[in-house]
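Chemist: Pasted the sequence and its predicted model underneath.
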Amino acid sequence: MPNVDSLNPLARRAWIALIAAYPEWAQYFGMRGKDDLEAAVPAPVGSSAGHLVVFTAEGHDLWIRFCPPSMSYSVNDVTEMLDVIEQLLSETALFAVVMRGNEWTGTTLIRQGKPEDLPQLGPNEVAHIVSWSGRYDQITIAEK
């Protein structure tokens, strides 16, 4: 676990908020670069999420991601960070990554159980939906 005093102000705020909400995660905290935070919490066995990763970038940006490629979501502040984490862990929100072949075309969060939230797919696009536990994972292919 990094020394909180060595973190930049945004990373410090994220660290304090995460420790307050999830004290059992302390063992997963580390440094990213010179003074940014990265917390990588392992997903449940059988999940394709890999890890829930929370990190700061150059003291200006706050991100949440799962391990699969392009599964990153930017949040505005620590309040939104905690809200998004709770939604991902409770699986009321799922990651959706849209690809056209090997080309990434978008990433968003969708509400579980809300088909109307599925991304609108263009020709030859595929949406990869990943949930924390893996229970709601799916692949959606654009209609021809």
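Modeler: All right, it came through fine.

Chemist: so residue 41 bridges to which residues?
Modeler: residue 52 (DSSP bridges).

Chemist: That one contacts residue 50, doesn't it?
Modeler: No. At 10.2 Å, residue 41 does not count as touching residue 50 under the criterion of Cβ atoms under 8 Å. C-betas here are computed from N, CA, C, even on glycine.

Chemist: higher neighbour count, these two?
Modeler: Neighbour count, other Cβ atoms under 10 Å: between residue 41 and residue 50, residue 41 has more, with 19 against 15.

Chemist: if I pick that one, what's in contact with it?
Modeler: 22, 25, 28, 51-53 (Cβ atoms under 8 Å, 6 or more residues apart in numbering).

Chemist: Make TSV out of those and add pLDDT and distance to residue 105.
Modeler: Compiled in TSV, the contacts of residue 41 are given as follows (pLDDT from 0 to 100; distance: Cβ to Cβ, whole Å):
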residue	pLDDT	distance to residue 105
22	96	32
25	94	32
28	93	31
51	97	24
52	97	24
53	97	22
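
Chemist: Appreciated, that's everything.
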